[in-house]
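*Asks:* here is a sequence together with a model predicted from it:
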Amino acid sequence: MSVFTGTDAAETITPGFVSPSVTASGQPRPSDEADVISAAGGNDIVAGGRGNDTALLGTGDDIFLWVPGDGSDTVEGQAGTDTLDFSGSNVAEAINISANGGRVLFTRDVGSVVQDLNSIERIEFHALGGADRVTVNDQTGTGLARVTVDLEGVLNSGAGDGQADVVTANGGAAAETVTLTLSGTAVVATGLAAQLVVDHAETFDQLSINGLDGNDRIDARLLATAPVLLTFDGGAGNDMLFGGVGADVLLGGDGDDIVVGGRGNDVAFLGAGNDTFAWIPGDGSDTVEGQAGTDDLSFVGAGANETFNISANGGRVLFVRDIGSVTLDLNDVERIQLKTLGGTDTIAVHDLTGTDITRVGVDLAGTTPTAGDGAADMVTVDGTAGDDVVTLVASTAVVAVSGLPASVSIQHADAALDRLTIQAQAGNDVIDASALPAGRIGLTVLGGLGADVVFGSAGADIVRGGDGNDTALLGAGDDLFGWAPGDDNDIVEGQAGTDMLDFAGSNVTETVTVSANGGRVLFVRDVASVVMDLNDVERIEFHALGGADRVTVNDLTGTDVTRVTVDLEGFLGGGTGDGQADVVTANGSAAAETVTLTLSGTTVVATGLAAQLVIEHGETADQLTINGLGGNDRIDARALTTAPMALALDGGAGNDALFGGAGADLLLGGDGDDLVVGSRGNDVAFLGAGNDTFAWIPGDGSDTVEGQAGIDDLSVTGSAANETFNISANGGRVLFVRDVGSVVLDLDDVERIQLKALGGADTVAVRDLTGTDITRVGIDLAGTTPTAGDGAADAVTVDGTAGADTVSLSSSGADIGIGGLAATVVVQRTEAIDRLTIGTGDGNDLVNAAAVAAGRIGLTLSGGAGDDRLIGSAGIDTFIGGAGADRFGLAAAAHSVVGAKADRIADFSRAEGDRIDLAAVDANTAVAGNQAFTLIGTGLYTGVAGQLRYAFNGADTTIAGDVNGDKVSDFHIVLTGTIALVAADFML
């Protein structure tokens, strides 16, 4: 044994060198012997060498060196800050640093080295190569202040050894707050009895911090990188563990712990106790083993739009967040609390059967923790495959869902924006939201497979029964019950509020009928034989989708339905029809209805039925039929300025009024005295039984009118323009033609026509109507003042038949009646400037206008071929006999005045046997009876009554008669042409 004694100077005492000032007893340098080194004062460097040495370092900041091959030494640091500098080797070593009372034991398995230390403040261990295991136990009560573990492979190389080293630091029984930071390449753990520094670690090395007993806090959040794998073990006590940026292992241990994984993909074992694993934005995809106790996952979202999914994975639970592609894998966790923190979030809580989750809390608050985030969030809760009984209730700011494997609570919902959806899934489920007040959250209930019963909330709910015969009691609020193909026969009790059935069809041809059943409504679909039984439902929306569909809405009087919408859109949201010929029929009641059709965009709205009818996305190939049925109905489509779809209006029984729209409509009057107005399209009207009227006004189209049974009228109103009207037979039908607008009305079984010309120099022709049903034609020549003529020179022509006609004309005030033809013609509100032409055509015709007063109208009587007899009016007449031996008659001398307004015979022909018939005129008014005239040729009157003379007046021949012997003509008749008349030309 050698003894080395130093001085107060800074000296070196090592096997390689001993300072000259050191006193040695025995060997000059420390050797394999058990040496005793007393360094005394100064900052000394001491190494014992291979023996089991004893070093007393004295005062000063001393270093005791140990290298492989050295023995087990006892080191007394004494005064100053002293360091054990221990170098390992390139083999795997196990190092243990433990307190031994106030002393420290540093042990190394290789070589069974034990360093017994006292008053040593720092330990530096250089692990060098090998997969080393370094354990630093609780140093409470010792003087050790810092332990540095350098995992450098080669001293001063600056790099690790490429081996998987493990450094473990154990706390004490007291509560510790351990914080990990980075200092260059070193990880520094402060808060233990001795600070731990781990330098030159590699990503596969591991640092374990064990809190052991006490309410410990171990926090690695200040680690900006992950130079080493971390394992934190809180041990017994209510601990708080905060992981770093790497893939950490976090062990809560016994007690009620809080574990925060941090940014890496961590694994947490929470241990016994009621623990909480917390996740915040930026953290990774963690695996959490809750273990014993009631454990919580606390998840905080961000202000972004996020989607969260909570689902079972066997007995485990997957919590998935779309942003960051985060997946938390949970086991033995009983409760989940999610704080979404703003954004339009979507949260789905799926069937958690078989897992340990008993409660899921969803807090929709924003940055203000006591109020919603102002965004439209969606929470979905799934039922199980069995028969669930789900109950929804609410407290002040919480909506609670119970009855499933995990209860769900929703906090701080924005009632006007957020929505809770219950998906019952399979099974015969009961979903009861009757205790949920209005104004808490929007509610959707999806029944899924099975015969479900749904009790709605007091708010505005959306309910879809799904597959199975479901029953829905929607409760208060404006609720919607949805149906989609594959669903079954449902019973819907709308209860309070304005409720809706939203029914989606399919892309096949469907027949849908909506009918009253007492106070209830039956909605029937032929495909799949679906029957919806509705009560207290105010609105129905049917989405026909594809296929040539037939929709019938019957009289809904006595039910609660106020509106039925039929959407003919090809696919939802497409904005256009389906390209198929759909038919929508609305049936009225036995009472009188006033139905008005209007346009809202491209939507046709029919009001006035028991329920308003709305048709969206109709196409020109589609048809809307309105059936008034019984009662005196009024159906009016004049407000349809365009023709989005074909119209069929059927008044049914009763005295109905039908007004078509802008398209080519079908108008059916039905029984009763109906008024039908075609309007602007080229319409077809079947007036039905009864005395009906079809009315036409300017702007209307070319219509086809079938009068059918009864006495039916066509009423045509002209315009102030100069118009030409032609009324003619077309076989048994009648064509009414107007030149302005090229209008053609095709009539059958119509008995009367009334034309109001309404101003302008109009031309009206009534042709031979033999073989038609027309019995009367009225022509009103009044202008805008309905009691007087229009002041324009109108011309009316009335044709006779091909046979022998007997036509009589009469006047009553300003009206002229023409009888004796196939149809009686009445020309109303005539004026002297107007002209009426009677053209009887072939046959030996008689036309007698003697009953027409003077000044009523200019009259032309045209006999056509045949031996005709034409008797003029008291006004200005023009006679055209035509071929054949015609007779031109004057009923009285006063009927043809003297001068320019005398009657004219335009085609007198002695060769054809024409004669002028004055037999009805009394030649001598001074003598009783009817005296005959005497033709005196071209001579002058001699003062004898009854003289008849003629004279040539240019190209005309004027016949004059004196009936009182005053040598003054009392009447004139003008012949076109210069004709030397003889007595045989007259009937005197």
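*Replies:* Done, it's in. What you are looking at is a predicted structure, and each value in this text was computed from that prediction instead of being measured. Numbers count the residues shown, from 1 in each chain.
*Asks:* what is the burial count for residue 90?
*Replies:* Using other C-beta atoms under 10 Å, residue 90 has 14 other residues around it. Where C-beta positions appear, they are placed from N, C-alpha and C, glycine not excepted.
*Asks:* which residues does it contact?
*Replies:* Contacts for residue 90 (C-beta atoms under 8 Å, 6 or more residues apart in numbering) come out as 128, 129, 130, 161.
*Asks:* how about the CA coordinates for stretch 827-844, as CSV?
*Replies:* The C-alpha coordinates for stretch 827-844 follow below in CSV (Å, rounded to 0.1, in the frame of the first residue of the first chain):
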residue,chain,number,x,y,z
VAL,A,827,-124.9,42.7,-86.6
GLN,A,828,-124.9,45.0,-83.6
ARG,A,829,-124.0,48.6,-83.0
THR,A,830,-124.1,49.4,-86.8
GLU,A,831,-123.4,52.8,-88.3
ALA,A,832,-124.3,54.4,-91.6
ILE,A,833,-120.7,54.1,-92.8
ASP,A,834,-120.7,50.4,-92.2
ARG,A,835,-121.7,48.0,-94.9
LEU,A,836,-123.6,44.7,-94.8
THR,A,837,-123.4,42.4,-97.8
ILE,A,838,-125.8,39.5,-98.1
GLY,A,839,-124.6,37.1,-100.8
THR,A,840,-127.0,34.2,-101.2
GLY,A,841,-125.0,32.3,-103.8
ASP,A,842,-126.6,29.8,-106.1
GLY,A,843,-130.3,29.0,-106.0
ASN,A,844,-133.5,31.0,-106.5
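*Asks:* now that stretch: buried residues?
*Replies:* Judged by neighbour count using 16 or more other C-beta atoms under 10 Å, the buried positions of stretch 827-844 are 827-831, 834-844.
*Asks:* let me know the closest of these to residue 652.
*Replies:* residue 828 (33.8 Å; C-beta to C-beta).
*Asks:* residue 968: how many residues sit nearby?
*Replies:* Using other C-beta under 10 Å, residue 968 has 10 other residues around it.
*Asks:* ok, it to residue 896 distance?
*Replies:* 15 Å (C-beta to C-beta, to the nearest Å).
*Asks:* can you lay out the contacts of residue 90 as CSV showing distance to residue 242, neighbour count and secondary structure?
*Replies:* Shown next, in CSV, are the contacts of residue 90 (distance: C-beta to C-beta, whole Å; neighbours: other C-beta atoms under 10 Å; DSSP: H, G, I helix; E, B strand; the rest coil):
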residue, distance to residue 242, neighbour count, secondary structure
128, 32, 22, coil
129, 33, 20, coil
130, 31, 17, coil
161, 29, 22, coil
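*Asks:* show the pLDDT at residue 601.
*Replies:* On pLDDT, residue 601 comes in at 88.
*Asks:* check the burial of it by counting its neighbours.
*Replies:* Residues lying near residue 601 (other C-beta under 10 Å) number 8.
*Asks:* gap between it and residue 563?
*Replies:* Separation of residue 601 from residue 563 (C-beta to C-beta): 17 Å.
*Asks:* with residue 286 instead?
*Replies:* Counting by C-beta to C-beta, the gap from residue 286 to residue 563 is 53 Å.
*Asks:* go on, residue 585?
*Replies:* 17 Å.
*Asks:* what do you get for residue 419?
*Replies:* Distance, residue 419 to residue 563, using C-beta to C-beta: 24 Å.
*Asks:* swap in residue 226?
*Replies:* From residue 226 across to residue 563, the span is 64 Å (C-beta to C-beta).
*Asks:* residue 255 too?
*Replies:* Distance of residue 255 to residue 563, given as C-beta to C-beta: 63 Å.
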